[in-house]
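Chemist: Sequence first, predicted model second:
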There are 2 protein chains.
Amino acid sequence: MMSRLGAHLGMRPIDPVLRRLRSLASISEGEVDLVRAGADRRERHAPGEQLVLEGGDGRPRFVISGWACRQRLLPDGRRQIFSLLLPGDGFSFGSRPALSAVVALTALETMDGGLVNEAVRRGAAPNIAGALSAAEVMEDALLLDQAVRLGRMTAFERVSHFLLELQRRLEIAGLGDQQRFPLPLTQEILADALGLSIVHVNRTLQQLRRSGLIELRSGVAILLQPEALAKVCDYNGASLRSGKAA
Amino acid sequence: MMSRLGAHLGMRPIDPVLRRLRSLASISEGEVDLVRAGADRRERHAPGEQLVLEGGDGRPRFVISGWACRQRLLPDGRRQIFSLLLPGDGFSFGSRPALSAVVALTALETMDGGLVNEAVRRGAAPNIAGALSAAEVMEDALLLDQAVRLGRMTAFERVSHFLLELQRRLEIAGLGDQQRFPLPLTQEILADALGLSIVHVNRTLQQLRRSGLIELRSGVAILLQPEALAKVCDYNGASLRSGKAA
DNA sequence: CGCTTCTTTGACGAGCCTCAAACTGAGTGG
DNA sequence: CCACTCAGTTTGAGGCTCGTCAAAGAAGCG
């Protein structure tokens, strides 16, 4: 059985999107319909597929299931992942050209956000406008967190901090609870997100396991001692609190 | 003599601000007056002074002279600098709470940007609005560059990349030329910006000197071989080209 | 099964950090 | 004008963190 990670009993595909938006602002009935209207224009993307080119402007979309990321590649093949796009997250909203490429990390399903984007632009969906704006602020804040991780934290701290961030974000989207959440990432992806080598990510994860702080198997992460983990890396989740009261 | 770095003969204090804005959009005469109107409301700040608190919202200001930074501190004293604020740069525009603290790195002079901010909000200064918007995009892009430096570049590459970015930004503000520019930063500040230790920054600078790539003394940096330096770290300046044609 | 991808482990080395101390230069006060 | 101080730079020694190379398990998948 799949328990409560991922496909809830009775969980509809676009629920993460609505949950996410509602965590950022109070959304009206009409606005909900607006979001739902895009739900039949879905697309599937294979892992590795590039959804948005750096510098290009993509069509606005929401992630329904699967994970993607914003990233940049160096000419010699090195990769830096800036942020993860989880179910419920949107991208290519607004009208600015993309500053980073968006790439599918797993099998990915997205839905159209064009109607929402248009309504927001016309001023016809003020609450969603607020939510998208708050989401933007939150993304900026998370990027600063990322910079601190990369520049000033040890591998042990980086992994801990990153897992705590994911736990919270997934809980908001309605996936996972306060301890368990899906983690469908290879260690290579973690390495590129955290500025480490694959081997060192592996060893750091072992260390976290041996410390009894986490459990990790077959795509599911369990934070055995969230408070202890938070203390390790001084995690307070401040960057995720920009929206409404949690 | 001060040569052409810093206090130009006949260079007025707010020139960096106007130069910067003009590099981002065509500013009208009336808009220039609007900017100038804030020039008498200046403030001086000592090195280390905090101009904006993290999470607080400061009054909108432009840097006239001296350097500041956006930063975050960890409870144990570690510091990560996210970006530098150079003469001509603005901060606390728009209405969002600040995601990072702003701190003076040198003796600093700022001027009021409140009138500009208000005019932009009322739609009375469309070109400046565009410039500020472009500046925001550029800041975001530079933050991504920073993340790549911190996560995926060697110390040698980080320092090279950072110096090239500074050269270009200062040239735009009208300070320094294609090779020479003021660099009033201690190695400790460089370390906190680049995610390195002071000692290693020192050694990396020596290495750059011995390679004949740069010269560095008494607050002035000289890029002896800008092209070679750019090749070292694959610098292309893409993130600084968001504005008008250079 | 047999392939591929991913994880895990070991051995080794390099990059970077810490500690410590000497050196330099710019004030500052006698 | 010369100590004296203090911040910043430079250098050395040593060690830990993290990366690279390599190869052996595991695990998913046709």
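Modeler: Received it, and whenever you're ready, just let me know what you need. Everything numeric in this text was worked out from a predicted model, so none of it was measured.

Chemist: Output stretch A:174-193 as PDB, nothing but the C-alphas.
Modeler: Taking Å, rounded to 0.1, in the frame of the first residue of the first chain, the C-alpha atoms of stretch A:174-193 are listed here in PDB:
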ATOM      1  CA  GLY A 174      -0.100  17.800   1.200                       C
ATOM      2  CA  LEU A 175       2.500  15.200   0.600                       C
ATOM      3  CA  GLY A 176       4.100  13.600   3.600                       C
ATOM      4  CA  ASP A 177       3.700  14.500   7.200                       C
ATOM      5  CA  GLN A 178       6.000  16.000   9.800                       C
ATOM      6  CA  GLN A 179       8.400  13.100   9.600                       C
ATOM      7  CA  ARG A 180       7.900  11.100   6.400                       C
ATOM      8  CA  PHE A 181       8.000  12.400   2.900                       C
ATOM      9  CA  PRO A 182       8.800  11.200  -0.600                       C
ATOM     10  CA  LEU A 183      12.300  11.800  -1.800                       C
ATOM     11  CA  PRO A 184      12.600  10.600  -5.400                       C
ATOM     12  CA  LEU A 185      16.100  12.000  -6.000                       C
ATOM     13  CA  THR A 186      19.300  10.200  -6.800                       C
ATOM     14  CA  GLN A 187      22.300  11.100  -4.800                       C
ATOM     15  CA  GLU A 188      23.800  12.700  -7.900                       C
ATOM     16  CA  ILE A 189      20.900  15.200  -7.900                       C
ATOM     17  CA  LEU A 190      21.400  15.800  -4.200                       C
ATOM     18  CA  ALA A 191      25.100  16.400  -4.900                       C
ATOM     19  CA  ASP A 192      24.400  18.900  -7.600                       C
ATOM     20  CA  ALA A 193      21.900  20.700  -5.400                       C
END
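
Chemist: Point me to the residue of chain A nearest DNA strand D.
Modeler: residue A:200 (3.0 Å; Cβ to the nearest atom of the strand). Yep, even glycine has a C-beta here, placed from its N, CA and C like the rest.

Chemist: Thought residue A:191 was touching that residue, still the case?
Modeler: Yes: using Cβ atoms under 8 Å, residue A:200 is in contact with residue A:191, at 7.4 Å.

Chemist: For these two, indicate the residue with more neighbours.
Modeler: residue A:191 (22 against 14; other Cβ atoms under 10 Å in any protein chain shown).

Chemist: is it fair to say the more buried one lies in a helix?
Modeler: Yes: remark: residue A:191 belongs to a helix, assigned using DSSP: H, G, I helix; E, B strand; the rest coil.

Chemist: Assess the claim that it and residue A:204 are in contact.
Modeler: No: look at residue A:191 against residue A:204 with Cβ under 8 Å: they stay out of range, at 9.9 Å.

Chemist: Pull up the overlap in contacts between the two.
Modeler: Residues within reach of residue A:191 and of residue A:204 at once, by Cβ atoms under 8 Å, 6 or more residues apart in numbering or on different chains: there are none.
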